[in-house]
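**Student:** Sequence and predicted structure are below.
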Amino acid sequence: MARFTLPRDIYFGPGAMKELAALGKTRKHAFVVTGGQSMQRCGALARLDAILREAGLAVTHFEGVEPDPSVETVMKGAAAMREAQPDVIVAIGGGSPIDAAKAMWVFYEYPEKTFEDIKDPFTMPTLRAKAIFVAIPSTSGTATEVTAFSVITDYSTKVKYPLADFEITPDVAVVDSDLAETMPPKLTAHTGLDALTHAIEAYVAALRSPFSDPLALKAIQMIDDDLVASYNGDLAARGRMHIAQCLAGMAFSNALLGITHSIAHKIGAQFHLPHGLCNAILQPFVIQFNRKACEGRYAEIARALGLPGATDAQLVNVLIGKIEALNDELDIPPTLEAAGVSREVFDEHLDFIAKNAVLDPCTGANPRKTEAEDIRKILLAAYDGTAAQINW
């Protein structure tokens with residue numbers, strides 16, 4: 001028996017945020033979580049406040065969630081929730097404030113719990129006794145608005161923990177394309193490539209299914225059609241990317257991911273690189289490693305994109321080349337070295353990253369069985385591009 005879970009309601013398209021006025025029928029107090037100043041500067045936070053207040057809800061803010069939300073921020077936010085006693089949590093912004101708010105929600109409803117209690121996959125208690133959850137993404141990549149995941153960093157150990165449980169799948173997702181228009185080009189590239197990685201990993205993941213496959217393939221096709229144009233400022237393409245990343249999220253929330261994400265979680269924390277950038281650099285090397293176990297699945301992706309090749313092997317080679325060319329077009333460095341990671345720092349952290357990446361929850365769904373030594377080989381290849389020297 002398998003399971004496929006999505007938010008109950010997904011509102012999408014320009015101006016979709018106004019649909020939250022319906023919360024006034026059943027809710028009294030909204031606790032709004034956001035990041036730095038981007039939602040304030042573009043007016044999105046003010047629009048959200050107006051919608052909620054006009055619907056009759058009291059509104060409390062928790063602002064300033066950092067780009068890689070910490071355990072400390074989560075606990076601080078949960079304490080603020082317990083003081084405010086909201087019956088709806090509304091997170092708006094990029095993946096970080098939404099992820100942080102998901103974790104805050106757990107400790108709001110269960111103040112006796114510790115981070116240790118919930119960091120292992122599918123160990124969360126039943127939620128919604130106190131509040132429901134609404135997610136409004138402003139970036140087109142993480143898809144946390146429709147997923148059962150939340151990535152929280154423990155800075156004392158320098159480890160990112162991908163929390164996983166269907167309990168933290170939002171009740172309502174608002175995929176408002178107006179918000180995606182605020183992204184600068186570099187963020188558009190990083191988040192878009194994160195979405196592409198989500199979709200590709202979901203299509204080959206161990207828990208893929210007939211429900212997740214079409215979502216993953218459609219997301220890959222839409223991203224192929226629209227990411228470059230979105231990066232170059234085409235607002236219509238940016239709106240379509242906002243939908244594509246959500247489809248990818250629906251796929252991977254249920255099929256799960258793989259070692260591209262396992263490694264990205266660990267190198268992001270150690271080398272302080274953006275998550276989407278890490279995924280983009282790693283993806284060609286991970287496909288090269290995984291193809292031994294699922295070459296036919298990668299070939300199906302290539303065929304869906306109309307790529308040339310008479311055999312599966314040829315198609316996968318072309319797919320890897322296409323991803324590398326896309327990275328180049330979006331100004332993504334081809335290696336960790338080119339991204340600014342020094343050899344000294346890389347060597348210092350290599351074994352730590354390999355050891356912890358193999359323990360990451362995403363590793364269990366990777367299509368090829370993976371040991372720490374495999375992760376080490378992939379990292380060595382991704383550091384300076386010496387893939388030809390690796391015995392995959």
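**Tutor:** Right, received. Where do you want to start?
**Student:** what's near enough to touch Lys119?
**Tutor:** Lys119 sits next to Tyr161, Leu163 when contact means Cβ atoms under 8 Å, 6 or more residues apart in numbering. Quick note: C-beta positions are derived from backbone N, CA and C, even for glycine.
**Student:** give me phi/psi at it?
**Tutor:** With angles defined as degrees, to the nearest 10, Lys119 sits at phi -80, psi -20.
**Student:** same thing with Phe12?
**Tutor:** phi -140, psi 160.
**Student:** Report the mean confidence score over stretch 78-94.
**Tutor:** Stretch 78-94 carries an average pLDDT of 97.
**Student:** If you could redo that for stretch 125-135, that was the one I meant.
**Tutor:** The model assigns stretch 125-135 a mean pLDDT of 98.
**Student:** Then stretch 342-350?
**Tutor:** Stretch 342-350 comes out at a mean pLDDT of 96.
**Student:** mind listing what's buried in it?
**Tutor:** By neighbour count on 16 or more other Cβ atoms under 10 Å, the buried set for stretch 342-350 is Phe346, His349, Leu350.
**Student:** So what's the gap between it and the chain middle?
**Tutor:** Mean-position distance between stretch 342-350 and its chain equals 26 Å (Cα atoms, centre = their mean, to the nearest Å).
**Student:** got it, and stretch 194-203?
**Tutor:** On Cα atoms, centre = their mean, the centre of stretch 194-203 falls 10 Å from that of its chain.
**Student:** For the chain, just list every one of the strands.
**Tutor:** Remark: strands assigned in the chain by DSSP state E are 9-12, 29-33, 58-62, 88-93, 132-137, 149-154, 159-164, 172-175.
**Student:** Walk me through which strands the second one pairs with, and which way each runs.
**Tutor:** Meaning strand 29-33. Strands that pair with strand 29-33, judged by DSSP bridges, come out as strand 58-62 (parallel), strand 88-93 (parallel).
**Student:** Out of these, which gets nearest to Lys18?
**Tutor:** strand 88-93 (13.6 Å; Cβ to Cβ).
**Student:** Lys113 against Val106, yeah?
**Tutor:** Yes: proximity of Lys113 to Val106 meets the contact threshold set by Cβ atoms under 8 Å, at 6.5 Å.
**Student:** which one of these two has more residues nearby?
**Tutor:** Using other Cβ atoms under 10 Å as the criterion, Lys113 and Val106 rank with Val106 on top: 23 against 15.
**Student:** Pull the contacting residues for Ala46.
**Tutor:** Contacts here follow Cβ under 8 Å, 6+ apart; on that basis Ala46 touches Gln40.
**Student:** so what's Ser156 scoring on pLDDT?
**Tutor:** 86.
**Student:** Name all residues that make contact with the spatially most central residue of the chain.
**Tutor:** For the chain, the residue nearest the mean C-alpha position is Thr142 (2.9 Å; Cα atoms, centre = their mean). Neighbour list for Thr142: Gly94, Gly95, Ile98, Asp99, Thr191, Asp194, Gln245, Gly249 [criterion: Cβ under 8 Å, 6+ apart].
**Student:** out of those residues, which one sits closest to Ser342?
**Tutor:** Nearest to Ser342 among the contacts of Thr142 is Asp194, at 24.6 Å by Cβ to Cβ.
**Student:** follow-up on the earlier one: for the contacts of Thr142, which one is nearest Phe149?
**Tutor:** Closest to Phe149 out of the contacts of Thr142 is Asp99 (7.7 Å), distances taken as Cβ to Cβ.
**Student:** got a list of what Asn232 touches?
**Tutor:** By Cβ under 8 Å, 6+ apart, the contact set of Asn232 is Pro185.
**Student:** and stretch 47-54, how far from the chain's centre?
**Tutor:** Counting by Cα atoms, centre = their mean, stretch 47-54 is centred 27 Å from the centre of its parent chain.
**Student:** Flag every buried residue along it.
**Tutor:** Quick answer for stretch 47-54 (16+ other Cβ under 10 Å): Arg47, Leu48, Asp49, Ile51, Leu52.
**Student:** how about the helices in the protein?
**Tutor:** Ranges of helices within the chain are 38-41, 44-54, 71-84, 95-109, 115-118, 177-180, 185-204, 212-231, 235-255, 259-271, 275-304, 312-329, 343-359, 372-384, based on DSSP state H.
**Student:** Please parse the protein into its domains.
**Tutor:** For the chain, automatic domain parsing gives the domain ranges 9-180, 185-389.
**Student:** Could you take these and lay them out as JSON lines, with extra columns for distance to Met1?
**Tutor:** Putting the domains of the chain into JSON lines (distance: least, Cβ to Cβ, whole Å) gives the following:
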{"stretch": "domain 9-180", "distance to Met1": "14"}
{"stretch": "domain 185-389", "distance to Met1": "11"}
